[in-house]
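Trainee: Turn this into a structure:
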Amino acid sequence: MRNWGIATYILVAAIVGLAISVILGLNQMIEKRDSFRTDPRVEVWLVSQVELEHLRLIRALDTYHHSIEPAEPNLDDLLTRFDIFWSRLLVISEGGESEQLREIIGLDQTIGQVIAALQRIEPDIAILQKQDRAAYQSIRSQLMDLSVPIHTMVLNTTNHDRGLRIETASARSDIFWQVVGYFIGVLVSGTILVLFLLWQNRETRRLLARATEAERRAKEASTHLIHAIESFTDGFALYDQDGRLQIWNERFLTSYPKIADYAASGRTIDELSREGYLRGQFRQIETGIEEWVREQNILYKQNESFVEQRLSDGRWLHVKGRRTSDGFNAVIYSDVSEMKQREAELAENSKRLELALETEVELSSMKSNFVATASHEFRTPLTIIFSAADLLQHYGDQMEDAEKLNYLEEIKQEVGEMTQLLDDILLVRKMEAGMFSFSPEKANFETLLRNIVRASQNLAGNVHAIKLNVDCDSSNVSIDNSLIRHIVNNLLSNAIKYSPNGNSIEVSLSRDSGELVIDVADSGIGIPENEIDRVFDTFFRAENSSGIGGTGLGLSVVKTAVELHGGRISVESVVNEGTTFSVRIPDSTA
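Mentor: As a prediction, the model looks like this:
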C-alpha cells in the first residue's frame with residue numbers, strides 16, 4: 001500500500017506538470033501574439049525614407065547649383081536637406097527600431113558606409129559656391145555613388161519584411177502543434193510512468209534485500225581494510241575529492257604528534273596544514289602561513305606528489321601522494337631520518353675527499369712548479385758566479401780594484417741567496433718529516449737583530465738602505481736563534497727582492513701587550529688583495545711576482561718558525577705601494 005501511495009503522488013505530480021505545460025504553452029502563444037502584432041512595415045517605411053531623402057538631397061543640390069536669382073534656393077536650404085538626410089540615417093542606426101533593423105543583412109555596413117561618405121562630403125558642401133562647378137560635380141558624384149548601396153538596403157529590408165511575415169505564419173502553426181504535443185506527451189508519459197511504478201515496486205523489494213547484504217559485506221571489508229592500514233610501518237591517510245581526511249592509521253598520528261589530537265574525520269588539508277604551522281610541527285618555514293597552506297593544497301591536487309618535510313624535532317618525512325580512480329588521494333608518510341643522516345655523512349665525507357683531492361692536486365702542481373723554479377734559482381746564481389769568477393781569472397790583472405770588488409760582491413750576494421734557498425729547502429724537508437725542532441735559549445734579541453740586518457745590508461749593497469728602529473729592551477728573552485734568523489732573513493730577503501732599486505726598508509722592534517713585535521716594511525710591488533690569505537702556503541707565489549726569483553718556500557718556513565715560538569704573523573699590503581709583515585711572539589721576560 002505504501003508503494004501505491006508513492007505511485008499516486010507521482011501521478012498527481014504528472015497531472016500538475018501537465019497543467020504547467022498547458023499554461024506555459026498558452027503563455028508562449030500570448031507572448032508570440034504580442035510579437036506578431038509588431039508591424040514590420042515600419043522598418044520598410046524608415047528605410048524607404050532614407051532613399052527618398054537621398055534623392056531629395058541630390059535634387060536640392062542640382063537646384064542650388066543651377067539657380068541664378070538670389071531669391072531662389074540658397075545654401076542654407078541645401079544644408080537643411082543634408083541634415084534631414086543624415087537624421088534619417090541616425091534614426092535607423094540609433095532609434096528604437098535599430099535593434100530589429102540590425103537583423104537585416106548588410107544594413108549596419110551600408111549605414112556605416114553612407115555616414116562615412118557624408119562625413120567626407122560635409123566640409124565641402126558647407127562652403128559650396130553656386131558657380132563652383134568642380135566642387136558641385138565632386139559632391140554630386142559622391143552622392144550618386146550612394147544610390148546603389150541605399151537601394152540595395154531598401155531591397156534587403158523589403159525581402160526581410162516578406163520573410164518575417166512568412167516566419168510569423170509558420171511560428172503560429174508551430175506553437176499550436178507544440179501545445180498539442182504537450183498534451184499528448186504528458187498523457188503518454190503518465191501512462192508509462194504508472195506502469196513503470198508497478199514494476200518498480202516489485203524490483204525495489206528485491207534490490208533492498210541485495211543492498212542489505214552488500215552493506216553487511218562492505219562493513220566487513222572496511223574492517224579488514226582498517227586492520228591492514230594499521231599494520232603499515234609508515235603513516236597512511238586517505239583524503240576525499242574535497243581534501244577532507246577520511247581514513248588514517250596510528251603511524252600517521254605519531255608522524256605529527258603536535259596535531260595528533262586535532263586530526264579528525266572531515267578535517268581538510270588546509271586545516272591540518274594551518275594547524276601544524278601554528279603549533280610549530282615543521283622546522284623553520286620561511287614562507288608565511290598562507291603561502292605554506294597554498295603550497296600544500298597545490299601538492300594535494302596533483303595526480304602524483306612528493307615532498308620532503310623537516311619536522312621541528314629533527315625528523316625527516318617523505319610524503320608521497322597518489323590520486324585514486326575515484327578522485328580520492330592516498331598519502332604515505334615515511335620516516336627517512338636515518339637515511340637523511342647517512343646522506344649527510346656521505347656528503348660530508350665526499351666533500352672532504354674532494355677537498356683533499358683538490359689540495360693534493362694543487363700541492364702536486366706547486367711541487368712541480370717548485371722543482372722547475374728551484375732548478376732555475378740554482379742555475380742563475382751559479383751562472384753569475386761562474387761568469388764573475390771567469391772574468392776575474394782571465395782579466396783580473398787588467399781591472400781596477402773597485403771593479404774587482406764589485407764582482408766579488410756579486411759572487412758573495414749570489415752565494416748568500418743560494419745558501420738561503422738551501423736552508424729553506426732543508427727546513428721544508430724537516431717540516432714534512434716531522435723533524436723540525438724548537439730549541440729556545442736566553443739571548444739578546446736586539447743584538448741578534450742588528451747582526452741579521454747588518455748581514456742583509458751587506459748583501460743588498462748600495463741598492464737598498466735597511467733602517468732598524470728598536471723601541472724596547474730585549475736583552476734577555478727566550479728565543480730559538482736559528483729560527484729567528486730564518487724569520488728575519490726571509491722577510492728581509494723578500495723586501496729587498498720585491499722593492500725597486502733605491503727604496504729603503506724599515507725594520508722595527510717593539511713591545512706590545514706582553515709580546516715582542518718585529519715589523520718589516522717595504523715600498524715594493526705589494527701583494528694582490530685576493531691572494532694575501534695564501535702567501536703563507538707552501539710553494540705559493542703571487543701572480544705579480546712572475547719574472548722575480550723565488551720558490552714560494554720562505555714565508556711558509558717563516559710562519560712555522562713563528563708558530564713554534566707560540567706567536568703569530570700577519571701581513572698588510574697594497575699593490576704598488578708596499579707590504580708590511582708583522583711578527584708577534586710572546587715576551588718571556590714580561
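
Trainee: C-terminal to the helix or strand hosting residue 467, what's the next element?
Mentor: Here residue 467 sits within strand 466-470, counting by DSSP states H and E. Proceeding N to C from strand 466-470, the next assigned helix or strand is strand 477-479, under DSSP H and E.

Trainee: buried set for that next one?
Mentor: Using 16 or more other CB atoms under 10 Å as the test for burial, strand 477-479 gives 477, 479. No exception for glycine: its C-beta is placed from N, CA and C like everyone else's.

Trainee: and residue 464, how many neighbours?
Mentor: By the criterion of other CB atoms under 10 Å, residue 464 has 22 neighbours.

Trainee: Using CSV, list the CA coordinates for the strand holding residue 467.
Mentor: Output of strand 466-470 as CSV, limited to C-alpha atoms (Å, rounded to 0.1, in the frame of the first residue of the first chain):
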residue,chain,number,x,y,z
ILE,A,466,117.8,49.0,5.6
LYS,A,467,116.8,51.1,8.7
LEU,A,468,116.5,49.5,12.1
ASN,A,469,114.4,51.0,14.9
VAL,A,470,114.5,49.5,18.4
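
Trainee: From the contact counts, what lies against that strand?
Mentor: helix 445-460, strand 505-512 (3 or more CB pairs under 8 Å, 6 or more residues apart in numbering; DSSP states H and E).

Trainee: Of the ones you listed, which is nearest residue 260?
Mentor: strand 505-512 (63.2 Å; CB to CB).

Trainee: quick one: the helices in the stretch 351-500 of the chain?
Mentor: Per DSSP state H, counting those that start in this stretch, the stretch 351-500 of the chain carries helices over the ranges 401-433, 445-460, 481-497.

Trainee: what's the most buried one of the ones you listed?
Mentor: Comparing the helices of the stretch 351-500 of the chain by mean neighbour count (mean count of other CB atoms under 10 Å), helix 481-497 comes out on top with a mean of 22.

Trainee: quick one, it and strand 505-512 angle?
Mentor: 140 degrees (axes from the mean of the first three to the mean of the last three CA atoms, to 10 degrees).

Trainee: Helix 481-497: how far from the chain's middle?
Mentor: From the chain centre to the centre of helix 481-497 is a distance of 55 Å (CA atoms, centre = their mean, to the nearest Å).

Trainee: again with stretch 109-125
Mentor: 56 Å.

Trainee: got a list of contacts for it?
Mentor: By CB atoms under 8 Å, 6 or more residues apart in numbering, the surrounding residues in contact with stretch 109-125 are 50, 61, 78-79, 82, 85-86, 89, 92-93, 135, 138-139, 142-143, 145-146, 149-150, 152-153.

Trainee: try 7 Å this time
Mentor: 78-79, 82, 86, 89, 92-93, 135, 138-139, 142, 146, 149-150, 153 (CB atoms under 7 Å, 6 or more residues apart in numbering).

Trainee: Pull out the buried positions in that stretch.
Mentor: Here stretch 109-125 shows 110, 111, 113, 114, 118, 121, 125 as buried, counting by 16+ other CB under 10 Å.

Trainee: Surely residue 484 is in contact with residue 447?
Mentor: No - here residue 484 does not reach residue 447: they are 11.5 Å apart, not a contact under CB atoms under 7 Å.

Trainee: May I have the phi/psi pair for residue 129?
Mentor: Phi and psi for residue 129, reported as degrees, to the nearest 10, are phi -100, psi 150.

Trainee: quick one: the closest residue to it other than its chain neighbours from residue 141, how far?
Mentor: Take residue 129 and drop its neighbours on the chain: the residue closest to it by CB to CB, 6 or more residues apart in numbering is residue 135, 7.2 Å away. In this view, residue 135 and residue 141 are 11 Å apart by CB to CB, to the nearest Å.

Trainee: More neighbours: these two, which one.
Mentor: residue 135 (15 against 9).

Trainee: Could you confirm that one falls within a helix?
Mentor: Yes - assessed by DSSP: H, G, I helix; E, B strand; the rest coil, residue 135 belongs to a helix.

Trainee: Could you list the residues in contact with stretch 245-258?
Mentor: So stretch 245-258 is contacted by 229-230, 232, 234-240, 260, 263, 265-267, 272, 276, 279-281, 317, 333, 335 (CB under 7 Å, 6+ apart).

Trainee: Find the centremost residue of this protein, please.
Mentor: residue 287 (15.3 Å; CA atoms, centre = their mean).

Trainee: nearest spatial neighbour of that residue, skipping sequence neighbours?
Mentor: Closest residue to residue 287 apart from its sequence neighbours, by CB to CB, 6+ apart: residue 295 at 7.4 Å.
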